[in-house]
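*Asks:* Okay, predicted coordinates and the sequence, questions at the end:
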Amino acid sequence: MPRIRRRYHFGAGGFLYVFVTLLIALGAFNSGNNLLYWTFGFALALLIVSGVLSGVMLMGVRVEREWASGAAVGQTVQIRYRVRNLSRFMPAFALTIEEAGFEPVSGTGGSWLTVAGRRKSGAAIGTPAPQRIGAPRTFVAHVGARESVVVEAVARAMVRGPVQLQAIRVSTGFPFGLMRKSLSFEQHGSGVVTPMPEAGFEGALRTAGALAHVGTASRRAGRGDEFFALREYVQGDSPRDVAWRSSARRGTLLVRQFAAPSPPRVWIVLHLRTHPGSEAADERAIRVAAGLARAAEAQGLEYGVAAPLCRMLIHPRRIGSAGTGGQLSRVMVDLGLLDLGADDGRGARSAFPVHAAAASGGCVVVHAGPVDGAFAPRAAGVLNISVGAEGPPVGVPGPGETALSRRVEHSIA
């Protein structure tokens, strides 16, 4: 069972109500007027009922976070909660559910002040979290006794990076809103806000592939042009594929198999943290890399992504092969988790990834700033893109530049 933390909260309206109730009590005691006594009793009863009802309702309420969706910057994050009422007779009304640690409990009377509660040992609940997403909040009008409902909260993703969810807070001011009671359920969770891919880089991938002259045969059978192996004839095979000479030597019909064409392979290499104060250019370079990965996925390319200074390396995978359907998801998540903190060796020299340098295929190097000629190897198939914090990216191809690459470079710049 998750640890539960209970709190009572007073807002500005509640304090005003208590102040007026005390004034009525003072007038009743000094004057001895029965009407003031009745008014004071009625006001005190409303205050007690407001606190008791909200407290009794929440005693049987349990909230669990069932699912949280990922999202790119600018999109919405959806978080699903299951609200259960364990009470046999008491229904729950007007429940506000939110993630603790984003902002304090709020109500119509302004900010709320905690006036009572019990602290438990262990990790604190409600530690402020990085504001990578907006405050998730949803509302449940009614949960009957022995019932459960599923609701969703929607928040906007604002900043790329990991999101830590620590606890769920459910509160209510039913029936009069004079006093709120809240329960916090410690339930840790995590997610990743991925970068928003920057579009318009399909030409860079085609240029890198054209410079490398990629188009080899794979190690599996298919409908390509290169010979792969011989196998026995099966009813339905085309007579044009029969190897007559080999069949005559073997004494049985043999059919030629051809190797499936291998899709072009491309590496996307990020050169980040090139100088102090390059945070804005680094973030844009990450968005450009995300756009290149999405374009490579759409074109059916084998693509890998590397960021040497951030120790990120994702090897190329053949699109459509078993277990590789999540290549784009893995790339986006890893790009979202790239740490660009201050104490990270910013400006230090890093070696070009060996896997990308030795691969047979194209390579697109995204520089966060001016192109560093000492970083990327000067070889055919290498296309350098210089990305700043603002303005269009500028492409610089390698020594194998062709007329096709110049046309595509012009479209990029």
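*Replies:* The structure has been received and is ready for your questions. Only a predicted model underlies this, so the values are computations on that prediction, with no experimental measurement involved.
*Asks:* what secondary structure does residue 375 sit in?
*Replies:* Look at residue 375: counting by DSSP: H, G, I helix; E, B strand; the rest coil, its state is coil.
*Asks:* Not counting its neighbours along the chain, what's nearest it?
*Replies:* residue 271 (5.4 Å; C-beta to C-beta, 6 or more residues apart in numbering). All C-beta spots, glycine's among them, are computed from the backbone N, C-alpha and C.
*Asks:* Can you report how many residues lie near that neighbour?
*Replies:* By other C-beta atoms under 10 Å, 26 other residues sit near residue 271.
*Asks:* Report the beta-bridge partners for it.
*Replies:* Listed by DSSP bridges, the beta-bridge partners for residue 271 are residue 367.
*Asks:* Residue 366 is in contact with that one, correct?
*Replies:* Yes. Counting by C-beta atoms under 8 Å, residue 366 is a contact partner of residue 271 at 6.7 Å.
*Asks:* Name the single longest helix found in the protein.
*Replies:* Identified as the longest helix of the chain according to DSSP state H is helix 34-59.
*Asks:* in that helix, what counts as buried?
*Replies:* 36, 37, 39, 40, 43, 47, 50, 51, 53, 54, 57, 58 (16 or more other C-beta atoms under 10 Å).
*Asks:* Please name the nearest non-neighbouring residue to the first one.
*Replies:* Spelled out, it's residue 36. residue 28 (3.6 Å).
*Asks:* quick one, what contacts that neighbour?
*Replies:* 36, 37, 39, 40 (C-beta atoms under 8 Å, 6 or more residues apart in numbering).
*Asks:* nearest residue to the second one other than its sequence neighbours?
*Replies:* Nearest residue to residue 37 in three dimensions, chain neighbours excluded: residue 28, at 4.8 Å (C-beta to C-beta, 6+ apart).
*Asks:* will you turn the contacts of residue 28 into a markdown table that also has pLDDT?
*Replies:* Formatted as a markdown table, those follow (pLDDT from 0 to 100):
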| residue | pLDDT |
| --- | --- |
| 36 | 90 |
| 37 | 91 |
| 39 | 92 |
| 40 | 90 |
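*Asks:* Could I get those residues in CSV, plus columns for distance to residue 165?
*Replies:* As requested, the contacts of residue 28 are arranged in CSV below (distance: C-beta to C-beta, whole Å):
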residue, distance to residue 165
36, 50
37, 50
39, 47
40, 45
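*Asks:* so how far is residue 196 from residue 74?
*Replies:* 5 Å (C-beta to C-beta, to the nearest Å).
*Asks:* quick one: which of those two has more around it?
*Replies:* Neighbour totals were compared for residue 74 and residue 196, and residue 196 leads with 17 against 11 (other C-beta under 10 Å).
*Asks:* Quick check: that one vs residue 163, distance?
*Replies:* Distance from residue 196 to residue 163, by C-beta to C-beta: 16 Å.
*Asks:* What segments of the chain are helices?
*Replies:* 12-31, 34-59, 202-212, 244-250, 279-299, 327-336, 354-358, 403-412.
*Asks:* residue ranges of the strands in the stretch 151-300 of the chain, please?
*Replies:* 161-172, 179-194, 217-232, 254-261, 265-271 (DSSP state E, counting those that start in this stretch).
*Asks:* So which of the ones you listed is the most surrounded?
*Replies:* Sort those by mean neighbour count, taking mean count of other C-beta atoms under 10 Å, and strand 265-271 sits at the top with a mean of 27.
*Asks:* Tell me the helices and strands packed up against it.
*Replies:* Using 3 or more C-beta pairs under 8 Å, 6 or more residues apart in numbering; DSSP states H and E as the contact test, the elements touching strand 265-271 are helix 202-212, helix 279-299, strand 302-307, strand 312-317, helix 354-358, strand 362-368.
*Asks:* let's see 10 Å
*Replies:* helix 202-212, helix 279-299, strand 302-307, strand 312-317, helix 327-336, helix 354-358, strand 362-368, strand 382-387 (3 or more C-beta pairs under 10 Å, 6 or more residues apart in numbering; DSSP states H and E).
*Asks:* rewinding a little: between the strands of the stretch 151-300 of the chain, which gets the lowest average pLDDT?
*Replies:* Note on the strands of the stretch 151-300 of the chain: strand 217-232 shows the lowest mean pLDDT, a mean of 58.
*Asks:* Residue 65 is nearest to which of the helices and strands packed on strand 265-271?
*Replies:* Of all the helices and strands packed on strand 265-271, helix 327-336 sits nearest to residue 65, with 19.6 Å by C-beta to C-beta.
*Asks:* Please compute how far the closest one lies from its chain's middle.
*Replies:* 9 Å (C-alpha atoms, centre = their mean, to the nearest Å).
*Asks:* Among the contacts of residue 28, give me the pair with the biggest separation.
*Replies:* 37 and 39 (7.3 Å).
*Asks:* any residues in contact with both of those two?
*Replies:* Shared contacts of residue 37 and residue 39, defined by C-beta atoms under 10 Å, 6 or more residues apart in numbering, are found at 24, 25, 27, 28.
*Asks:* I'd guessed the first one sits against residue 47; true?
*Replies:* Translated: residue 24. No. The pair residue 24 and residue 47 fails to qualify as a contact (C-beta atoms under 10 Å) at a distance of 11.7 Å.
*Asks:* residues contacting residue 326?
*Replies:* Counted by C-beta under 10 Å, 6+ apart, residue 326 has contacts 317, 332, 333.
*Asks:* So which of those residues is surrounded by the most neighbours?
*Replies:* residue 332 (22 neighbours).
*Asks:* Need the per-residue pLDDT for that residue.
*Replies:* In this model, residue 332 is scored at 92, pLDDT.
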